[in-house]
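# Sequence first, predicted model second:
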Amino acid sequence: MKLTKEARAGTLESGDVLVIVGPSESLDIRVESPVIRQFGESIRQSVRDVAASLGVTGGAISLEDQGALDCTIRARLTTAIKRSLADE
Amino acid sequence: MRRSLLFLPGNQPNMLQNGAVLPADALIFDLEDSVSPSEKDAARELVASALRSIDYGSRGLVVRINDIDKPYVKKDLEAVAAAGAMSVMVPKVSGAHTIHHVAVMLDLIEEEYRMEPGRTKIIALIETAAGIEKAFEAAAASPRVEALALGGEDLSADLGCPRTKEGTEIFYSRSRLVVAARAAGIEAIDTPFTDARDEEGCYADTVFARSMGFDAKLSISPHHLRPIHRAFVPTEEAVAFALEVKEAMEIARREGRGAVSLRGKMIDLPVLKQAERTIELARASGMLAAEKEGALL
């Protein structure tokens, strides 16, 4: 399924991540993080895993990471996607 | 064995992360008062994700769910029970019906997720006058109920009296809650001390609670953990006596006797239980290494 509505979750506080999702035909992932060199690919893989587990094949997914743990990234993305799908 | 249970706001990732290194005996991930209505869904996901991923060591893991009258409660229970919470703290318990409601939902969730039946325990948070009146009823309502906890702030508001550091206004409620918990054979957990900067005040309040029979204390600040633990340190004399009791009862058991005399007093099962609790507190306080205990026995 494809995301058709913008939604967000998380904050820009230390240890958190702000996730914004919106419409797109394909899965477009944009990540900003202070640890992009060390963990960029790992973060992207987590995004692909969560999207797949929720059946999302198309959507623009943007993350502004503030040093969040992987479990926080997964939780915030799950919330943003569920909010995006909530009224469909 | 727990002496301290620390509340962590459920929608703050840093605090959930810090819980893994704070010296609390148990952590309470809060989905209720510390989370705004618009963020309930986010906090639920975050707490469930933290429970699945972060290694909290031997700390007890409790989640305070929302009031059973709120629409979020079923989702709360499903998310946190499936993620491995050991206990749920149920707010505003006002009798057996609140406990039955939660217990039935947990029965269904544990069946659906193929979890061990009865695995998820309940801590009943008593914070209203009606809750105090029906504390024993709630404590005995289900084998899932492992503790009664007192919420002094909301209780004072419900009683219509100001909350003070001395706690005179909740004295009767504290006594009543300990009696109800003991009668049901479960733990009694005291209300938090609310001045985060006053560590000595927290220590004195915990010493008083312990003298009333409370087993543990809620905490809203990491600064209160050390004073709480200090208040639960047994005296050396109490530990020495507890070890003697344990040894005497072990000898009596081997000889097929139910009670023995020690220092001129009859020692029976209730005394042994108290001695075992003292030994647990001594271990938790670092007073009693296993080898020393073994050597003494």
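Nice, thanks for sending it over.

# What's the separation between the residue nearest to the spatial centre of chain A and B:Asp41?
Compute the mean C-alpha point of chain A, and by C-alpha atoms, centre = their mean the closest residue is A:Leu77, 4.0 Å away. Going from A:Leu77 to B:Asp41 by C-beta to C-beta, to the nearest Å gives 13 Å. Every C-beta, even on glycine, is put in place using the N, C-alpha and C of the backbone.

# Also B:Val233?
42 Å.

# surely B:Ile170 meets B:Leu155?
Yes. Under the criterion of C-beta atoms under 8 Å, B:Ile170 makes contact with B:Leu155 at 6.2 Å.

# circling back to that earlier point, compare neighbour counts for B:Val233 and B:Asp41 and give me the winner.
Neighbours per residue, other C-beta atoms under 10 Å in any protein chain shown: of B:Val233 and B:Asp41, the larger number sits with B:Asp41, 20 against 16.

# gap between the helix or strand containing that one and the chain center?
Per DSSP states H and E: B:Asp41 is located in helix B:40-53. Distance, stretch centre to chain centre, for helix B:40-53: 22 Å (C-alpha atoms, centre = their mean, to the nearest Å).

# contacts for that helix?
For helix B:40-53, the surrounding residues in contact (C-beta atoms under 8 Å, 6 or more residues apart in numbering or on different chains) are A:9-10, A:69-72, A:74-76, A:78-79, A:82-83, B:10-11, B:13, B:16-17, B:29, B:31, B:35, B:61, B:63, B:66, B:72, B:75-76, B:79-80, B:82-85.

# care to break chain B down by domain?
B:4-231, B:236-296 (automatic domain parsing).

# The ones you listed: lowest mean pLDDT?
Comparing mean pLDDT across these, the weakest is domain B:236-296, with a mean of 82.

# my hunch is that B:Leu5 is in a strand, does that hold up?
Yes. B:Leu5 sits within a strand when classified using DSSP: H, G, I helix; E, B strand; the rest coil.

# If the closest residue to it other than its chain neighbours is in a bridge, with which residues?
Spatially, and ignoring its direct neighbours in sequence, B:Leu5 is nearest to B:Ala26 (4.3 Å; C-beta to C-beta, 6 or more residues apart in numbering or on different chains). With DSSP bridges as the criterion, B:Ala26 is bridged to B:Leu5, B:Gly60.

# Kindly report the same for B:Ile189.
Bridge pairing for B:Ile189 (DSSP bridges) gives the partners B:Ala149, B:Ala216.

# Quick check: it touching B:Gly213?
No. Under the criterion of C-beta under 8 Å, B:Ile189 makes no contact with B:Gly213, lying 11.3 Å away.

# Looking at those two now, which is surrounded by more residues?
Using other C-beta under 10 Å as the criterion, B:Ile189 and B:Gly213 rank with B:Ile189 on top: 30 against 15.

# Next, the buried residues of the lengthiest helix in chain A.
Criterion DSSP state H: the longest helix present in chain A is helix A:36-53. By neighbour count on 16 or more other C-beta atoms under 10 Å in any protein chain shown, the buried set for helix A:36-53 is A:39, A:43-44, A:46-47, A:50-51.

# sec struct for B:Lys92, please.
Going by three-state DSSP: B:Lys92 is coil.

# Just say helix, strand or coil for the closest residue to it other than its chain neighbours.
If the residues on either side of it in the chain are set aside, B:Lys92 comes closest to B:Asp67, at 5.5 Å by C-beta to C-beta, 6+ apart. Look at B:Asp67: counting by three-state DSSP, its state is coil.

# B:Asp67: how many residues sit nearby?
Residues within reach of B:Asp67, counting by other C-beta under 10 Å, total 13.

# give me the beta-bridge partners of B:Lys265?
Per DSSP bridges, the residues bridged to B:Lys265 are B:Leu262.

# quick one: contacts for B:Ser221?
Contacts for B:Ser221 (C-beta under 8 Å, 6+ apart) come out as B:Ala196.

# do you know how far it is from B:Glu169?
Distance, B:Ser221 to B:Glu169, using C-beta to C-beta: 22 Å.

# For the top helix by length along chain B, name the packing helices and strands.
Secondary structure of chain B per DSSP H: the longest helix is helix B:236-254. Packed against helix B:236-254 by the contact rule (3 or more C-beta pairs under 8 Å, 6 or more residues apart in numbering or on different chains; DSSP states H and E) you find strand B:260-262, strand B:265-267, helix B:269-284, helix B:290-296.

# Pretty sure A:Val56 sits against A:Ile29.
No. The pair A:Val56 and A:Ile29 fails to qualify as a contact (C-beta under 8 Å) at a distance of 11.3 Å.

# more neighbours, those two?
A:Val56 (21 against 17).

# and the more buried one, what pLDDT?
Value for A:Val56, per-residue pLDDT: 95.

# what residues are up against it?
A:Val56 touches A:1-3, A:27, A:81, counting by C-beta under 8 Å, 6+ apart.

# Pull up the residues of the stretch 51-200 of chain B that are close to chain A.
B:52-54 (C-beta under 8 Å from any C-beta of the partner chain).

# Only the buried members of the residues you listed: can you turn that into a PyMOL selection?
Only the buried entries of those go into this PyMOL selection, using 16+ other C-beta under 10 Å:
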select buried, chain B and resi 54
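
# now, among the residues of the stretch 51-200 of chain B next to chain A, which is nearest to A:Val19?
The closest of these to A:Val19 turns out to be B:Ser53 (C-beta to C-beta; 17.1 Å).

# hang on, the earlier thing: please identify every residue contacting each of B:Ile170 and B:Leu155.
B:Thr191.
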